[in-house]
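*Asks:* My questions concern the predicted model and sequence given below.
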There are 2 protein chains.
Amino acid sequence: MSKVLEIIKKRHSIRAYQNKEIPENILKDIESALILAPSAGNLQARKFYFVKDRKIKIEIARASLSQMFIAEAPVVIVGCTDSSIQHRYGERGVKLYSIQDVAISVSFAMLVAEEYGLGTVWIGAFNEKEVSQILNLSENLRPVVILPMGYPDEEPYLTDRRSKKELIEYI
Amino acid sequence: MSKVLEIIKKRHSIRAYQNKEIPENILKDIESALILAPSAGNLQARKFYFVKDRKIKIEIARASLSQMFIAEAPVVIVGCTDSSIQHRYGERGVKLYSIQDVAISVSFAMLVAEEYGLGTVWIGAFNEKEVSQILNLSENLRPVVILPMGYPDEEPYLTDRRSKKELIEYI
């Protein structure tokens, strides 16, 4: 079977993390996964913040419906779209392509993290304005995903999926 | 090194495909990758069409700025968001979460495809209305990505990436 699919099958959202640093070499591989993901016109209209500062992590957690577990992760990645993509692709670039480009990066990073035994969870429920202020983002950047990352300190809660029959159709 | 990162590094966009079917077991793994990707509230607000019909592939290619190579792929996956997500997450669900949810699925599928030696390319430039009509999509579905898939019939064109320094910041 596909090794990647094995990793996909093992991956579950993790919301509790051990108090244990993530080694440099693993972070480098996570960075590479983010960077090497494809993007519209290869413009790479995206930017990633790796937040390790405890105070800032707490502020981000508060801006995320007070999901305070976020602050316990050794690294919290914040993925941002870059609206400068509009110069080539207009509104479709801003509202679709750049969101997808960040999502592809973070998806790739999640699987590399899983392979290294790290837990992550994709967070979309947060106040964008507050997170932008906390990170002091420039006007062109919009935070669209928060990904806490750390060694799991819980057994994952397993979720079901809808059937292939429901979600996939051959034509 | 991470096996997933090796696969990410090998992946490049492929726009020419051999006239060779994709085996059933591989398609099953691609389906699993799409289905097992995480999604907002596990709602799985997404649907995927696997288009094999030659006439329909040609229509889709025409609706994609006449990028006719799309029609040469043995399988063309069309990923759609499902606006029924609005019942739980409102506009943010429709305009952000469901787009991300489809993107995560397709990202996972791309890496499984790469591992099996298949080539893909993420296509966002198409006329959504035309593709919706071609596939006879229900009102709630919106096509947001087209992914032709097949055994490569070209050497990939290698693209550069912006530097980590530019795209990643530690805080």
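*Replies:* Nice, thanks for sending it over.
*Asks:* Only the buried residues of the helix-or-strand element of chain A with minimal mean pLDDT, if you could.
*Replies:* Scoring the helices and strands of chain A by mean pLDDT, DSSP states H and E places helix A:164-167 at the bottom, with a mean of 94. Using 16 or more other Cβ atoms under 10 Å in any protein chain shown as the test for burial, helix A:164-167 gives residue A:167. C-beta coordinates here come from the backbone N, C-alpha and C atoms, glycine included.
*Asks:* Please report phi then psi for residue A:18.
*Replies:* The phi/psi pair for residue A:18 (degrees, to the nearest 10) reads phi -70, psi 150.
*Asks:* Give me the pLDDT for it.
*Replies:* pLDDT recorded at residue A:18 is 97.
*Asks:* For it, list the residues it contacts.
*Replies:* By Cβ atoms under 8 Å, 6 or more residues apart in numbering or on different chains, the contact list for residue A:18 reads A:150, A:151, A:152, A:153.
*Asks:* make it 10 Å
*Replies:* A:72, A:73, A:74, A:119, A:150, A:151, A:152, A:153, A:154 (Cβ atoms under 10 Å, 6 or more residues apart in numbering or on different chains).
*Asks:* how much space between it and residue A:156?
*Replies:* 14 Å (Cβ to Cβ, to the nearest Å).
*Asks:* quick revisit: among the contacts of residue A:18, which one sits closest to residue A:143?
*Replies:* Nearest to residue A:143 among the contacts of residue A:18: residue A:73, at 16.1 Å, using Cβ to Cβ.
*Asks:* Not counting its neighbours along the chain, what's nearest residue A:108?
*Replies:* What sits nearest to residue A:108 in space, not counting adjacent residues and going by Cβ to Cβ, 6 or more residues apart in numbering or on different chains, is residue A:33, at 4.2 Å.
*Asks:* Which secondary structure state does the one you found sit in?
*Replies:* Assigned with DSSP: H, G, I helix; E, B strand; the rest coil, residue A:33 falls in the helix class.
*Asks:* Tell me if I am right that residue A:80 is in a helix.
*Replies:* No - under three-state DSSP, residue A:80 sits outside any helix and is assigned strand.
*Asks:* Just want the phi and psi numbers for the spatially closest residue to it that is not a sequence neighbour.
*Replies:* Leaving out its chain neighbours, the residue that sits closest to residue A:80 by Cβ to Cβ, 6+ apart is residue A:141, at 4.2 Å. Taking degrees, to the nearest 10, you get phi -100, psi 140 for the backbone angles of residue A:141.
*Asks:* ok, now residue A:116?
*Replies:* Dihedral angles (degrees, to the nearest 10) for residue A:116: phi -90, psi 10.
*Asks:* For burial, what's the neighbour tally of the nearest residue to it once chain neighbours are set aside?
*Replies:* For residue A:116, ignoring the flanking residues on the chain, the nearest one in space by Cβ to Cβ, 6+ apart is residue A:26 at 5.0 Å. Residues within reach of residue A:26, counting by other Cβ atoms under 10 Å in any protein chain shown, total 19.
*Asks:* On the three-state scheme, residue A:26 is what?
*Replies:* Quick answer, by three-state DSSP: residue A:26 is helix.
*Asks:* who's in contact with it?
*Replies:* By Cβ under 10 Å, 6+ apart, the neighbours of residue A:26 are A:75, A:112, A:113, A:115, A:116, A:117, A:118, A:149, B:2.
*Asks:* any chance of these in JSON lines, with distance to residue B:167 and secondary structure too?
*Replies:* As requested, the contacts of residue A:26 are exported to JSON lines (distance: Cβ to Cβ, whole Å; DSSP: H, G, I helix; E, B strand; the rest coil):
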{"residue": "A:75", "distance to residue B:167": "16", "secondary structure": "strand"}
{"residue": "A:112", "distance to residue B:167": "16", "secondary structure": "helix"}
{"residue": "A:113", "distance to residue B:167": "18", "secondary structure": "helix"}
{"residue": "A:115", "distance to residue B:167": "22", "secondary structure": "helix"}
{"residue": "A:116", "distance to residue B:167": "21", "secondary structure": "coil"}
{"residue": "A:117", "distance to residue B:167": "25", "secondary structure": "coil"}
{"residue": "A:118", "distance to residue B:167": "20", "secondary structure": "coil"}
{"residue": "A:149", "distance to residue B:167": "17", "secondary structure": "strand"}
{"residue": "B:2", "distance to residue B:167": "19", "secondary structure": "coil"}
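*Asks:* Most neighbours among the residues you listed, which one?
*Replies:* residue A:113 (29 neighbours).
*Asks:* tell me the contacts of that residue?
*Replies:* Contacts of residue A:113 by Cβ under 10 Å, 6+ apart are A:7, A:11, A:14, A:22, A:26-27, A:29-30, A:33, A:75, A:77, A:106, A:119-120, A:147, A:149-150, B:2, B:4.
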